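> With the sequence up front, the predicted model follows.
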Amino acid sequence: MTTLTKTEGERAPSGSEAFLSVRDLRVRFSTEDGIVKAVDGLSFDVERGKTLGIVGESGSGKSVTNLTVLGLHNPKTATVEGEIVLDGKELVSATEKEMEKLRGNKVAMIFQDPLTALSPYYTVGRQIAEPFMKHTGASKREAKARAIEMLDKVGIPQPAMRFDDYPHQFSGGMRQRAMIAMALICNPDLLIADEPTTALDVTVQAQILDLLKDLQQEFGSAIVFITHDLGVISKMADDLLVMYSGRAVERGSVREVLRAPQHPYTWGLLSSMPRLGGDTAQALTPIPGSPPSLLNPPSGCPFHPRCGFTSEVGGNRCSTERPELPEGRSAACHLSGEQRSTFFIEQIKPRLG
Amino acid sequence: SNDSGNGNGKDDSKTKEDAKAQSKPVSYGDVQASNGPAEAVPGAKTGGTINVYQQSDLSHMDPGQIYVSDAGQFANLIHRGLTNFQEDDKGNLTVVGDIATDSGKSSDGGKTWTYTLKDGIKDEDGNVITSADVRHTIERQYSKVIFDGPTYVQTWLSGSDYRKALPDGPYKGKHLPDSVLETPDEKTVVFHFKAPQPDLPQALAMAGYAVVPEKQDTKEKYDKAPASLGPYKIAEYKAGKSLKLVKNDQWDEKTDSVRHQYVDGYNFTNTIDQASQTKRLLADQGEAKNAIQFTDSVDPAQLSTVIGDASAKKRTIQGYQVYVWALSFNLDSATMKDKKIRDAITYAIPNQSMVQADGGRYGGEVAGGLLAPTLPGFDPKYDPFGKLKKPNGDPAKAKQLLEEAGFKKGTKLSYAYSNTPRGQAQMVIIKDALNKLGFDVQAKEIDRATFYEQVGKLKNPYDLYMTGWGQDWPSPSTVITPVYDGDLVADGAPNYSHIDDAKVNELIKKAVTQEPEEAAKTWEEAHHRIVEGVNPSAPVYYSKQLQLYGSNIGGARFSTESSYIDINDLFLKQP
Amino acid sequence: MTSPTKAEGSGPSAALEPELASKAEPAEVEKLEGRSPGQLMWHRFKRDRTGMISAAVVIFFFAVAALAPVISSLYGKNPYTLYAQEPEYPFLLDDFAMPTGSLGGMSGDFWFGVEPKLGRDVFTMLLYGMRTSLYMAVLVTLFSVLTGVVLGMISGYFGGKVDYWLGRVTDFFLAFPQQLFFIAFMPVVTAMFVSPKDETPTYLRAVAIILVMWFLGWMGMARLVRSSVLSLREREFVEAAKVSGASPARIVRKEILPNIVTPILVQGTYMLPSSILSIAFLSYVGVGFTEPTPDWGRMFAIGAGIYEQDPAFMFFPGIALVIFVLAFNLLGDSVRDAFDPKTGR
Amino acid sequence: MSDKLTLPKPQGPVDGARETLLSVEGLTKHFPIYGGFPIKRKVGAVQAVDGVDLSVGVGESVGLVGESGCGKSTTGRLITRLLEPTAGKITYAGQDITHASRRQLAPVRSEIQMIFQDPYSSLNPRQTVGTIIKSPMEVNGIKPAGGVEKRVRELLELVGLNPEHYNRFPHEFSGGQRQRIGVARALALNPKLIVADEPVSALDVSIQAQVVNLLQKVQEEMGIAFLFIAHDLAIVRHFSQRLAVMYLGKVVEVGDRDSIYNRPRHPYTHALLSAVPEVALDDATEDRERIRLSGDVPSPIHPPSGCRFRTRCWKAQDKCATEEPPLVQLSGNPAGHLTACHFPEEPTTEARAEDVVMDPALKALEDAPTMSPAKD
Amino acid sequence: MLQFLIRRLSGAVVIMFLIGAFTFFLFYSIPQDFAQLACGKNCSPENIAVIRENLGLDKPITTQFWEFMMGIVSGRDFPQGHCAAPCLGVSFDSGDFVWDSIMDRFPLTLSLTVGGLVIFLLFGLGTGLLAAWKRGTAVDKIVSGASMVLSSFQIYFLGPIVLGLLVYQTGWFENPKYVPFTDNPGSWFVGMLIPWAVMATIFTAQYTRMARSTMIEQLQEEHVRTARAKGMRQRYVFFRYAWRGSLIPIVTIIGMDLSALLSGAVVTEFTFDLAGIGRLAVEGSLTKDLPLTMGVMLFGAFFILILNIVVDLAYAYIDPRVRLA
Ligand SMILES: Nc1ncnc2c1ncn2[C@@H]1O[C@H](COP(=O)(O)OP(=O)(O)OP(=O)(O)O)[C@@H](O)[C@H]1O
Ligand SMILES: Nc1ncnc2c1ncn2[C@@H]1O[C@H](COP(=O)(O)OP(=O)(O)OP(=O)(O)O)[C@@H](O)[C@H]1O
Ligand SMILES: [Mg+2]
Ligand SMILES: [Mg+2]
């Protein structure tokens, strides 16, 4: 794990350094049943050459956040507030034209399900070459050459021949590689990978992760990596953001968050996870209860209905007051810092084995 | 002919006059009258093309196959026979020689008829027509090629199984013996009949006996591409769609005492239904100004507009059609056997409503008898059932008659009707009227294509049906004989009521051999006997014709002979 | 790994919000209990004003049709009497057999005027005509839907040879030029069922029309159902039923059928107005109902001929039909929208 | 395949006294491929499962892992008789059910149940939870004391759902809850064996944990045997006492949990284990081997000759192409640990001197900047 | 591909044969005498016999059917002359070769269809796409509303009204008529304009609704989102990615409409007094003209089947996942 140690201790998000900086992002969908606050005051930064991992329960707003960065939400149903600054440029207020220039060029995205995310109607080659032509003005032939090069790079055998294949002629792993090739063809400065390996099995997943890391090294791109799999995160990411109910509840470097998590939700995540070397006799400890409604989120700390530590906080603070997430390594919790480390060390850590 | 006519009409005042003109007897013309050219139409100009609106294609173009009116009207433009009808501006008809020099000379008490051909008669390719062509024309009617046309002359010559006399027609080199049909020289044709045939000149004037030149005869194919002798010839024909006629330069006006060649040609469009024809002619825009209705009439629904619009009304021609609509009783049915019941029904029919269903006062006129106003000797006052006084029927009288007959309420009556809008409307009326008398009317709709086939069956299961019949030429013989002669009751024959009355049969036998004057009296007697003595079918209405033509059409008039627009005198005011 | 949210979205009637709400507030469970997909749909539908209005119009039409005898007896006329021949109404029709007076003879006695030629009452003709049209269409639609559903399900569920042959049968029926077939064979079919002696009873005519339209009407539905079943039978709940030992009949009935109700319903709502139009078309070309059965199609046919002389006669059936078809189409769209949470409005 | 060397019924010696509940011998499923002209005929076959031997003891949980498409689900479906085996024999409780018809199967039906992968698609969206759970009872004519409804409510409670949920529809539940409904349905018939086909792979970690705990609970409390199919090795390890590793329609290695995870012998098992991403919770350096295979599993239509793994194996030799390795107990392995390999790996998962990286693209990338010597 | 074609075409032949047989025997299943129908005013038994022989009705039904079917393959000889290979017999009523009659009418039907198709595709898809592009806006609402209302109209309602307004009342247009394109393209165009317009109005509405809804559906597809994520222009995404996906349902409907129209736009033809295939069919069946009815039926079935195959080919072309089998 080459890059893991480097960032330690120097975690200091500041607008100047960050390549992508999201501030107080709020995304709301108006639906027939009411307003869904899919993202509710989220801030984070990503630096060049670094990977930010985002984990969180299903429906916690991970995908929406990243679609919003690319401006891919539907403006008719979604309202976006806050600030997204990419390399000094504000994106929330950017026009569609400006966004078109960025997408696929400076910022690229890898989607979760490569079968539905690739158009079935056009050849893989064409779909890969398109953004290159569009953003660099390259000719068809140049684009094709470049696309073949990219296919080769992501490990598709005989790329020149596979160029003219359709997505359905590719296996799952190959499709995902094609998606990656498509995302990387313009050497994007920011790569957003939304659960890129969920559809794949472990051996292929491992190949893809290695590939991404190596490509990042080569181009120095920033990566935002979304996943449910903490194992994958620990391999991929430098920094980690834990989301719950549209908000970030914990932030820090991967090492910090995974080894010394401070938020009860993160504890819950970690203890839910079976480990290869773990004790098989011991039952897993899932987080009790179900995810909150985004239509009608719980008052105060959104996690409080499922949290085992509310009684440790004085008064009704957990159910009335929303905990803030300070800058830097932090967690949005009413428990005090000491409380958190003691609880973790005394109650949680032993269970993690 | 069977139902190929549709109702239409005209002003009442004019009807009487028409009836007078249309019921005058025919006279036979001499050489003088038969010589061309025909009398010029005042103000006629030459040039231009007339558009003809038709709702369906002509059934036949081979003259041998032509029997119905639309094709007959058409035949006058391209075909010529031995004789033809000449009509003066008062509607008086004269039979004149067409390609023959006169209307025919009879000898041997009317059993032998001799015709001499005019000089200069050529077909469209310039071949001179000879007596051999006339013989060919008659003989080909014996072959299987011909099955639709009139059979009068053949039957008169060779009897009712005439086909046996010459099974292959002239096509295998055989001919009728000279004792039957003789062509002593190139110009002379002699017919030898077994009985006197005073009507021959009129029969020969039918399109069915127009000449088919031997050289041109293509048998079955001739029906699609006949050769012309008349003023026009076929330039282009699209079956079911359109027909283009152009001038036939081989036609010589000096040989023709009836036809003109004013316009350069005719364009038939055979896909325009009556409603559209009427709308187009009413609107009188563009090409419709040069257009005529040919054998169709004004759409009944639009009569009010046509009559109400003075400028349109000026562009109409009107007259009686040859059809009489009658409610035929199936005399073989048990219920219908009782004359009192037939009379009761006849009294009860609301004739006026029946007319309403076919265009109202302008579509027809309540009928007193079974002979049309177009026949010689028509008596407008003849009204044995009091229909003229009580056009909507006399239910009281009907009920009384039924009582006398010991009628049981709820007796089933099966009424067959053709499934057309008119048929349905009339069915509603008749059902309504008869149900009120206490009948249980079973209205049986018959597909319009098969209506006459079904009711023409001898063993048909129906009690009543509306039928129409029209003359072939202005003689009661062409009505009373086929429709009311008991000897001619057969499957498919037009004696729809199956009347077989000894007295009627006898009168018919007498009349057909009589000279026209006497015959007329015999026919009248037969007519009265049929209506009053037997009552095989209740007279319902005479149908009337109202046709519309474009504002640029000149010379339009009603033809007594065809009961359509007179096709011979038309020209374009501004060619 | 598919995230549950995603899987949810792919379901036909998934409603995310109540689910989440219920989880967050267990206290609300009672309130939300038993909120079936039907109820959800109803909820959605109730909020759709167009849908509600069109539903009201459609119901109105059906109610009027059902109550036609009552209405006409209150109104005091019927569609069969030739009023022009009744002594009370001597001047209904003029010399041309057209209604006297303006607007097709509209009057206090004859609200929508009188019919040309025969002088019947247009208002009651329209009412009774609606019966013919609507009831026939409902029956035709019902039969076609049933046949289509049954054959489609058999074809889709059993696949293989069954599917192949049913597919060919479908092709066969599909390959008939529909309009031509109607015209050519309506008389034939009628003739096949009636002895030539009897009056063809109206019900037989109706049966013939229904039969022909049924035979030529089920294929679309069969195809639709087949394709839905093809994808449904791969769903795991079908395997789950098989594992529990359920028979194919039970699986088709209990597991698959409830899932294709939506497309069937939607397709059905599209079929109904088109059946009405087809029936009207049959009468229009003269092979459907005959006099004196009141029928919209024939009113159209007559009306189209005289729309200049008597526009009212075309107007009433025309407008009634347009309104009904429009309302029904809108209703169909609304039903689909209500069933499908994906369509954003 | 040589029967003598194979031990087809490696009776679980874990508990010593465990009887065999289900045993499968030479189980084969070939899906025919049709083509040809003008008459369609069979032109080939997807050899989805090709001679699998497996056994499950009473109350035992056997894990089945392997790459995507290797035939795990097909095996599961064959055992539950959703598919008709092409060859082989399935014996359940001493009874041959290989080709039993639906009716013949009826008595056994209730004893073998299945839990499906996708918690959404395995529940009929148009049925209420109650209907879903009681359906199997209706089908099998089971009338529990106290009525069906009472039993359903008990089951709901057992799987940790609120009995009030009886009248709700699947879409009103979260993924974890839905999977519980699936479990309740499987339990409704008091089965002795449950085939669980990737029951948790669609769920996110915390929910996954809920479901695994639930399964473990029912297994322990009700003594139900499991065939647990998954590709997450950590979960399988957590849940199953014994484990079979499949590759391209064949079982390549089978054995006890500990012996497979700690002393794997087959190269493919090594590759699988090395690919599992693990959360590094402490600073201990990565001490596991790193193996990266290239490409995808070969097509099951034309599987490689001999050893099926040889095309992606770094140890392959000529012999592998000609001779199919039998599934045998290798020397040094505990009883019940069988491996099908001619050239087995060392029984350890320790990091090796050189990573095995067979993916050319990866290799190229890694070679370029870091020059890490990954050769083979 | 070739295999697919051969298989489907041979299937089509079988279906045509079955339809022919069905039509033929259904026609004979009711008691009616074609010879008597065909004979006119003087139906003497002799004449009927002649007609019966002329029409070949004296032969057994199966022979008649066989000869008819063989005529399609190898032609037949009639008194009128030789009827070349796709011989559909001779009309009972007019005595014309049915094939010739059909070919004579077909140019009109084709003009009507193609012209109408062009108009309603252009307008229908155009407005549909516009509505989808501007979905939710006033434009969308107007377009959808109008199309909904228009699609509820019928040709036999709209046709007379349009004719009345544009032709009879104002005289702005000539009556619709067919002039062969080869004769005079100008008059051809002018003559067909009103039928096209009326036909297109009703069809357009259907296509508008269709195009709009499938496009909106497609725009929600994930691969369309991917295309946007690549920075492709919105128009490009709309017309390449979403459009391509909408094609399948659209092509399906086009295929159905096209085959229906080619096998005879009965109502349109009657409304505008045009003589096309539809009119021919109606004439044939009203006059119980068996060969004509058979011919037109088979001709129509031919289009339906061929277009089905074409549509399937189009599927494979549009969507590479579709395999032809
Ligand atoms: N277009 C939309 N309209 C309404 N609600 C939406 C829309 N898109 C997303 N949401 C809601 O926003 C919330 C966040 O969704 P998001 O896709 O970001 O979750 P996620 O964290 O990516 O979950 P997963 O891990 O399952 O992918 C969800 O509750 C979702 O239902
Ligand atoms: N009905 C079928 N017809 C043809 N081939 C099939 C069928 N079902 C499965 N297969 C093929 O059999 C092989 C094994 O499939 P199976 O579903 O058993 O794999 P799996 O191990 O469960 O994979 P996964 O982990 O992706 O679920 C695959 O190549 C698959 O394509
Ligand atoms: Mg997501
Ligand atoms: Mg599987």
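It's in. Numbering: from 1, shown residues only, chains lettered A, B, ... in the order given. Ligands and ions are numbered 1, 2, ... in the order given.
> Next up, the contacts around the nearest residue to B:Pro196 once chain neighbours are set aside.
Spatially, and ignoring its direct neighbours in sequence, B:Pro196 is nearest to B:Gly110 (3.1 Å; C-beta to C-beta, 6 or more residues apart in numbering or on different chains). Any C-beta I mention is one placed from the backbone N, CA and C, and that applies to glycine too. Going by C-beta atoms under 8 Å, 6 or more residues apart in numbering or on different chains, B:Gly110 touches B:193, B:196-198, B:513, B:515.
> number of nearby residues for residue 95?
No chain in the question, so chain A it is. For A:Thr95, the neighbour count with other C-beta atoms under 10 Å in any protein chain shown is 9.
> meant chain C actually
Residues contacting C:Asp95 under the criterion other C-beta under 10 Å number 15.
> Now it: which helix or strand?
Taking DSSP states H and E as the definition, one finds C:Asp95 inside no helix or strand.
> how about the closest residue to it other than its chain neighbours, phi and psi?
Computed as C-beta to C-beta, 6+ apart, the closest residue to C:Asp95 that is not its neighbour in sequence is B:Arg361, at 4.7 Å. Here is the backbone geometry of B:Arg361 (degrees, to the nearest 10): phi -60, psi -20.
> do the same with D:Glu253
Backbone geometry at D:Glu253, expressed as degrees, to the nearest 10, gives phi -160, psi 140.
> how near is it to ligand 2?
Per C-beta to the nearest ligand atom, to the nearest Å, D:Glu253 is found 16 Å from ligand 2.
> hey, what's that residue bridged with?
Under DSSP bridges, the beta-bridge partners of D:Glu253 are D:Val245, D:Thr339.
> remind me which residues of the chain are low pLDDT?
Because you didn't say which chain, this covers chain A. By pLDDT under 70, the weakly predicted segments of chain A are A:1-17, A:32-33, A:353.
> Correction: the question concerned chain E.
Applying pLDDT under 70 to chain E picks out residues E:30-32, E:38-43, E:324-325.
> List the contacts of B:Val534.
Applying C-beta under 8 Å, 6+ apart to B:Val534 gives the contacts B:339, B:499, B:501, B:504.
> Just the ones of those residues in helices?
Among these, the members falling in helices are B:339, B:504 (criterion: DSSP state H).
> would you turn the contacts of B:Val534 into TSV with neighbour count, pLDDT and distance to ligand 1?
Putting the contacts of B:Val534 into TSV (neighbours: other C-beta atoms under 10 Å in any protein chain shown; pLDDT from 0 to 100; distance: C-beta to the nearest ligand atom, whole Å) gives the following:
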residue	neighbour count	pLDDT	distance to ligand 1
B:Lys339	17	89	88
B:Ile499	21	90	86
B:Asp501	19	89	92
B:Val504	22	90	92
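> Tell me where chain C has strands.
Applying DSSP state E to chain C gives no strands.
> Enumerate the positions of the longest helix along it that are buried.
As assigned by DSSP H, the longest helix anywhere in chain C is helix C:122-158. Judged by neighbour count (16 or more other C-beta atoms under 10 Å in any protein chain shown), helix C:122-158 contains these buried residues: C:122-134, C:136-137, C:139-145, C:147-149, C:151-157.
> Look up how far B:Ile565 lies from the closest residue to B:Ser562 other than its chain neighbours.
With sequence-adjacent residues excluded and distances taken as C-beta to C-beta, 6+ apart, B:Ser562 is closest to B:Gln73, at 5.3 Å. Separation of B:Gln73 from B:Ile565 (C-beta to C-beta, to the nearest Å): 8 Å.
> So for these two, which residues contact both of them?
With C-beta under 8 Å, 6+ apart, B:Gln73 and B:Ile565 have common neighbours B:Phe294.
> Pick out the residue in the stretch 151-300 of chain E sitting closest to chain C.
E:Gly300 (3.2 Å; C-beta to the nearest C-beta).
> for that residue, what are its contacts?
Applying C-beta under 8 Å, 6+ apart, we find E:Gly300 in contact with C:176-177, C:180, E:259, E:262-264, E:277, E:281.
> let's see 6 Å
If you count contacts by C-beta atoms under 6 Å, 6 or more residues apart in numbering or on different chains, E:Gly300 has them with C:177, C:180, E:263.
> For the stretch 451-575 of chain B, which segments are assigned as strands?
Listed in chain order, the strands of the stretch 451-575 of chain B (DSSP state E, counting those that start in this stretch) span B:464-470, B:537-548, B:553-554, B:571-572.
> Dump these to JSON lines, plus distance to ligand 2.
Output for those, formatted as JSON lines (distance: least, C-beta to the nearest ligand atom, whole Å):
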{"stretch": "strand B:464-470", "distance to ligand 2": "68"}
{"stretch": "strand B:537-548", "distance to ligand 2": "74"}
{"stretch": "strand B:553-554", "distance to ligand 2": "78"}
{"stretch": "strand B:571-572", "distance to ligand 2": "79"}
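> Dump the ones you listed to a markdown table, plus distance to E:Ala85 and mean neighbour count.
Compiled in a markdown table, the strands of the stretch 451-575 of chain B are given as follows (distance: least, C-beta to C-beta, whole Å; neighbours: other C-beta atoms under 10 Å in any protein chain shown):
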| stretch | distance to E:Ala85 | mean neighbour count |
| --- | --- | --- |
| strand B:464-470 | 44 | 25 |
| strand B:537-548 | 45 | 28 |
| strand B:553-554 | 46 | 22 |
| strand B:571-572 | 46 | 22 |
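> among the ones you listed, which is nearest chain A?
Chain A lies closest to strand B:537-548 among the strands of the stretch 451-575 of chain B, at 60.0 Å (C-beta to the nearest C-beta).
> Now for chain B: which strand has the highest residue count?
strand B:316-329.
> Please compute how far that strand lies from its chain's middle.
Its chain's C-alpha centre and that of strand B:316-329 lie 10 Å apart, by C-alpha atoms, centre = their mean, to the nearest Å.
> One more: stretch D:69-81?
Distance of stretch D:69-81 from its chain centroid, counting by C-alpha atoms, centre = their mean, is 8 Å.
> can that stretch be found next to chain A?
No: using C-beta under 6 Å from any C-beta of the partner chain, stretch D:69-81 stays clear of chain A, with a minimum separation of 8.4 Å.
> which residues make contact with that stretch from outside it?
If you take C-beta under 6 Å, 6+ apart as the criterion, stretch D:69-81 is touched by C:243, D:27, D:29, D:48-49, D:52, D:64, D:66, D:83, D:85, D:112, D:114, D:195, D:197, D:229, D:246-249, D:297.
> Now the helix or strand that A:Met179 is a member of: buried residues?
With elements taken from DSSP H and E, the one containing A:Met179 is helix A:172-184. Neighbour counts over helix A:172-184 (16+ other C-beta under 10 Å) mark A:172-184 as buried.
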